[in-house]
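Engineer: Can you look at this prediction? I've put the sequence above it.
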Amino acid sequence: MKDFFKRQIELWGEKKQENLKSKNVLIVGCGGLGSSLAYALGASGIGAITLIDFDKVTIHNIHRQIAFTLEDNDKYKAKVVKKRILSRFNEVKVEVYTSTFDDFIKESKDEFDLIIDATDNLPTRAKIDEFAKSKKTPWLYGSVEAFHGQVCFFENSNFSAFNVTDRKPAGIAAPIVMFIASFQANLAIRYLAGLSVKKDYLYYLYFNEEGEFKKQTFKMP
């Protein structure tokens, strides 16, 4: 598969590419962020990816959730995302759970190298943080709405620094979803490949009213 990964091998060498085969990643959520993450990470050479999402595709998802087409309406998102991953690179092991995160925790005995949040609500993220801490596994938080988003690589910091409410996100356009997912994917692949990553820092990324891109960084307690 050297030809398949030619450009990545040129970036970080054969040893790091080979090491990716041993990595196991959990993606929680297969909607906007999750489907973009799947495209970015699914063909990177990661050995195993587990997908969790109990939701089915609905017509209003498709404009911003790039894994799905009109033909996927009413299908389980996680199953469709698995199909898309394998259509690009069929040597990655993909496990699918069409259940809630709570049910997954009860069922799964797997260990993960990285957990990636691709959900759309704060209570589930708080549960991901608790689960990750219990497994001594880092996790990547990502959220997006309107023209802004947040990303953080959690290792030692606690998600309780956020005000955890069941707040519903505002409207959203497709490009910002892919933008935030791309940032998450870049941090994930750097970490899994053994490259340096800034941990426990919250990135707030947004476009202001004039369309100018802005970034703010906060050290998490």
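Structural biologist: Everything's here; your move.

Engineer: Surely Lys21 is in a strand?
Structural biologist: No - counting by DSSP: H, G, I helix; E, B strand; the rest coil, Lys21 is not part of a strand but helix.

Engineer: need the strands for this protein, in chain order.
Structural biologist: Ranges of strands in the chain, per DSSP state E, are 24-28, 48-52, 93-97, 114-117, 139-145, 148-154, 201-207, 213-219.

Engineer: Put together TSV for the ones you listed, with mean pLDDT on each row.
Structural biologist: Formatted as TSV, the strands of the chain follow (pLDDT from 0 to 100):
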stretch	mean pLDDT
strand 24-28	98
strand 48-52	97
strand 93-97	97
strand 114-117	98
strand 139-145	95
strand 148-154	96
strand 201-207	95
strand 213-219	95
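
Engineer: Using JSON lines, lay out these together with distance to Leu70 and mean neighbour count.
Structural biologist: Any C-beta I mention is one placed from the backbone N, CA and C, and that applies to glycine too. Shown next, in JSON lines, are the strands of the chain (distance: least, C-beta to C-beta, whole Å; neighbours: other C-beta atoms under 10 Å):
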{"stretch": "strand 24-28", "distance to Leu70": "24", "mean neighbour count": "25"}
{"stretch": "strand 48-52", "distance to Leu70": "21", "mean neighbour count": "24"}
{"stretch": "strand 93-97", "distance to Leu70": "22", "mean neighbour count": "17"}
{"stretch": "strand 114-117", "distance to Leu70": "27", "mean neighbour count": "24"}
{"stretch": "strand 139-145", "distance to Leu70": "23", "mean neighbour count": "23"}
{"stretch": "strand 148-154", "distance to Leu70": "26", "mean neighbour count": "22"}
{"stretch": "strand 201-207", "distance to Leu70": "29", "mean neighbour count": "16"}
{"stretch": "strand 213-219", "distance to Leu70": "32", "mean neighbour count": "10"}
